[in-house]
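>>> Output the structure for:
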Amino acid sequence: MEKNRSFTVDLSKLKGSGEFKCPKCGTTISPDDQSDEVYIILEPVVKGDQLEKIILQCNTCGSRISLIGFYMLEKLN
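The predicted structure follows:
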């Protein structure tokens, strides 16, 4: 059986509304999708009072994806 891989996606490098494709299978992952059908959030990682990353899992291929780059979002607010 193939081992699921881990990937990192930097939100500060994305254009648009934060939508991106799973690096392994190409499934579109959107922050607007709250159905848990496409992906599930496994763990938010917080340091101090700042969100450092969110670890999610693609439900199509099982890959774990670490979303980073939230510091840039804080600067925009």
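
>>> quick one: the nearest residue in space to E37 that is not next to it in sequence and K13, what's the gap?
Distances taken as C-beta to C-beta, 6 or more residues apart in numbering put N59 closest to E37, at 6.6 Å, once the chain neighbours are dropped. All C-beta atoms are positioned from the backbone trio N, CA, C, and that covers glycine. Distance, N59 to K13, using C-beta to C-beta, to the nearest Å: 24 Å.

>>> Verify the stated contact: D10 with G69.
Yes - the pair D10 / G69 is scored as a contact, 4.4 Å apart, by C-beta atoms under 8 Å.

>>> which residues touch the residue nearest the centre of the chain?
What sits nearest the mean C-alpha location of the chain, by C-alpha atoms, centre = their mean, is L67, with 3.9 Å. Residues counted as contacts of L67 (C-beta atoms under 8 Å, 6 or more residues apart in numbering) are 9, 11, 53-56.

>>> Which two among these are spaced furthest apart?
L11 and I55 (13.4 Å; C-beta to C-beta).

>>> Give the burial count for S6, as a bare number.
13 (other C-beta atoms under 10 Å).

>>> number of nearby residues for V46?
If you count neighbours by other C-beta under 10 Å, V46 ends up with 12.

>>> I'd like the distance between it and E52.
Counting by C-beta to C-beta - V46 and E52 are separated by 6 Å.
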